[in-house]
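Engineer: Here you go, sequence then predicted model.
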Amino acid sequence: MRLLRPLALLGALLSLNTCRLAQAQVVELPPGVPLRRVQPVVSAEFGGAVRGRVVWLSANGRMAAIYRFTRDTDGDGRVEPRMGIHGEMLGDRPDLWLYDLADGDSAVYDDLLAGDGAGRYMALLRGGRPVLLDSHDGEAREMAELQGSPDDGNRCMTPRQFSFSDDGRRLAYLRGDPAELVVRTLATGGERVVRAGQGVLWRAGLPADTGWTLLMETDPPATAADSAAFPVQLTSCASLASNLFASSYSYSGWEGARFRTVLVGADGVHHPVAGYPVTLGEKAYAVPDSARLFSAAGEAIALPAGCTELSAVPGVARVVLRCGDHSAIFDPVTRAQIHLPVTLYLDDRWLGGVMVDGAQWIAALVLPDSIPRGTPTVYRLARLRMEDGRLETGPEVQVAELAQDPEWLVGYGPGDVYALSLRTGRVRTLTSEAEWLRGFLVGQDDARLVLNPDRGAYIRTGETASDPSPAGCVLEAASTDHRTETGPWTRRCVP
């Protein structure tokens, strides 16, 4: 997600080859500082005493989107939400309400289309037209530029016509029919155009802020009079929205037109890829599922002897390898290696990184030397500096994941919850039993704990709490039956 710094040390590392290994430094972090419990800042009630479901809370805690059941849409004389096993709406249909909790305004929209990974922007449908909401100022702007490219009928996927980058800084949208892709930088409004190769552009993605674009293409129509055919996902999901209410979901591949994945570099060169690629700066990309590396020119890069698995963080120029009983950092451009005297747990769900004073730190989980039979696996939370292999290890946990704010790696073990800052290396601790963990939200029998390790504090809320925003805010309903909630709702934040 972020780029690397030009360290003086990097010059020495670039002179290494795969036969000369640099040795990493392993350092144990100091004990953590306990989080303190504080009283939440609670908003006024909103949404009314109706049934519904929270679908989105912006990162800053200002904007909230809730599906509310308020109308007798099936004509049976009562308002009653009923859902099938896959989330099908069998009774009344909900309306999407958007609340601005800063000024008290609210508005009804047709539907929610997609949100960016950073939680700032949300695309919605109003009057049949797409609009882009910016939660920083609460303004919703109509996106007329999204008109003209036909939908593909995949109700359980985000709309074909646009997608956000993971960091929320860019929007990719399809323009025209046949479509071309326009990549817009949201902060400046600047745009560039990416065109399909020999096929028809179906969908697109923005894997990292390094000039790469991911395209999905289908074969062109047989004749000029024919319309383009698109793939259809075979799934039991009723729709992207109703999946909120589903208790069952299945996926069994595709039917219809065949598609292929193409990675387009900043130079405009198209590279067909198998699997989902992770871009590594501007000069290389990886396909972690098959442990393969490629240069920006499309040439295969062999892994060092004895290394069989890899993990990659989008935008970070180096990868982490599993090489027998140890791990290593590998530079696919220079072929430099840094030997790590430990084994890291390679799982892309826990990989993320931040840049600090020009250095790239990524999240890491360190495996023990051995795991006795019948005992749960215990990991050590850690952060790893990719330039020189400095590995800073923290507390042991049994469950870990990156928080919604990717600067924190969180986890828990028996009786304790921990948060490790990728930016500073400091550790926050909380003595409390946890049944599950979703980012900064800790689940207990009858309560939820919302962490804000940046502020060194946490709050206790009820079991109806939504997933938290990075600012440490949740939405809490009056009650829940686990498929729907009953309002009114309140916002509760760590002060």
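Structural biologist: Arrived safely, thanks for sending. Numbering: from 1, shown residues only.

Engineer: Going by C-alpha atoms from here, please, whenever you check contacts or count neighbours.
Structural biologist: Fine.

Engineer: Report the central residue of the chain.
Structural biologist: Gly117 (5.3 Å; CA atoms, centre = their mean).

Engineer: give me every residue that touches that one.
Structural biologist: Contacts for Gly117 (CA atoms under 8 Å, 6 or more residues apart in numbering) come out as Phe164, Ser165, Asp166, Asp167, Gly168.

Engineer: Now the second one. Its backbone dihedrals?
Structural biologist: Yep, that's Ser165 we're talking about. Per-residue torsions, Ser165: phi -70, psi 160 (degrees, to the nearest 10).

Engineer: excluding its backbone neighbours, what's nearest it?
Structural biologist: The shortest distance from Ser165 to any non-neighbouring residue, by CA to CA, 6 or more residues apart in numbering, is to Leu206 (4.9 Å).

Engineer: and the one you found, how many neighbours does it have?
Structural biologist: Applying other CA atoms under 10 Å, we find 23 other residues in the vicinity of Leu206.

Engineer: thought it was touching Trp212?
Structural biologist: Yes - here Leu206 reaches Trp212: they are 7.0 Å apart, a contact under CA atoms under 8 Å.

Engineer: which SS state does the residue nearest to the centre of the chain fall under?
Structural biologist: On the three-state scheme (DSSP: H, G, I helix; E, B strand; the rest coil), Gly117 is labelled coil.

Engineer: quick one: the residue nearest to Ser165 and Ala172, what's the gap?
Structural biologist: Leu206 sits 7 Å away from Ala172 when distances are taken as CA to CA, to the nearest Å.

Engineer: again with Thr490
Structural biologist: The gap separating Thr490 from Ala172 is 34 Å, by CA to CA.

Engineer: out of those two, which sits in the busier spot?
Structural biologist: Ala172 (24 against 19).

Engineer: Which SSE is immediately downstream of the helix or strand containing that one?
Structural biologist: Assigning secondary structure by DSSP states H and E places Ala172 in strand 170-175. Following the chain from strand 170-175 toward its C-terminal end, the next helix or strand by DSSP H and E is strand 180-185.

Engineer: outside of that following strand, which residues touch it?
Structural biologist: Contacts of strand 180-185 (CA under 8 Å, 6+ apart): 169-175, 190-196, 201, 204.

Engineer: Mean confidence (pLDDT) on the helix or strand following that strand, please.
Structural biologist: The helix or strand immediately downstream of strand 180-185 is strand 191-194, counting by DSSP H and E. The average pLDDT for strand 191-194 rounds to 89.

Engineer: Pairing partners for the following helix or strand past strand 191-194, with directions?
Structural biologist: The C-terminal neighbour of strand 191-194 among helices and strands, as given by DSSP H and E, is strand 200-205. The strands beside strand 200-205 in its sheet (DSSP bridges) come out as strand 213-218 (antiparallel).

Engineer: by how many degrees do the strand it pairs with and strand 180-185 diverge?
Structural biologist: Strand 213-218 runs at 160 degrees relative to strand 180-185, counting by axes from the mean of the first three to the mean of the last three CA atoms, to 10 degrees.

Engineer: contact partners of the helix or strand hosting Tyr458?
Structural biologist: In the assignment (DSSP H and E), Tyr458 maps to strand 457-461. Where contact means CA under 8 Å, 6+ apart, the residues beyond strand 457-461 that reach it are 35-40, 447-452, 476, 492-494.

Engineer: what separates it from the chain centre, distance-wise?
Structural biologist: Computed by CA atoms, centre = their mean, to the nearest Å, the chain-centroid distance of strand 457-461 equals 24 Å.

Engineer: Tell me which helix or strand comes right after it.
Structural biologist: Heading C-terminal from strand 457-461, the first helix or strand you meet, by DSSP H and E, is strand 473-480.

Engineer: Give me the helices and strands touching that following strand, please.
Structural biologist: In this structure, strand 473-480 packs against strand 51-57, strand 485-493, with contacts taken as 3 or more CA pairs under 8 Å, 6 or more residues apart in numbering; DSSP states H and E.

Engineer: I'd like those laid out as TSV, including distance to Asp74.
Structural biologist: As requested, the helices and strands packed on strand 473-480 are exported to TSV (distance: least, CA to CA, whole Å):
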stretch	distance to Asp74
strand 51-57	16
strand 485-493	20
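
Engineer: Of these, give the one that comes closest to Pro314.
Structural biologist: Ranking these by distance to Pro314, with CA to CA as the measure, places strand 51-57 first at 25.0 Å.

Engineer: Return the residue of the chain that is most distant from the centre.
Structural biologist: For the chain, the C-alpha farthest from the mean C-alpha position belongs to Gly77; by CA atoms, centre = their mean, that distance is 41.6 Å.

Engineer: Would you enumerate the residues in contact with Leu133?
Structural biologist: With contacts taken as CA under 8 Å, 6+ apart, Leu133 has the following neighbours: Tyr121, Met122, Ala123, Leu124, Glu139, Ala140, Arg141.

Engineer: Arg192 versus the residue nearest to Ser165, what's the distance?
Structural biologist: From Leu206 over to Arg192 (counting by CA to CA), the distance is 13 Å.

Engineer: again, but for Asp289
Structural biologist: To Arg192, Asp289 is 30 Å away according to CA to CA.
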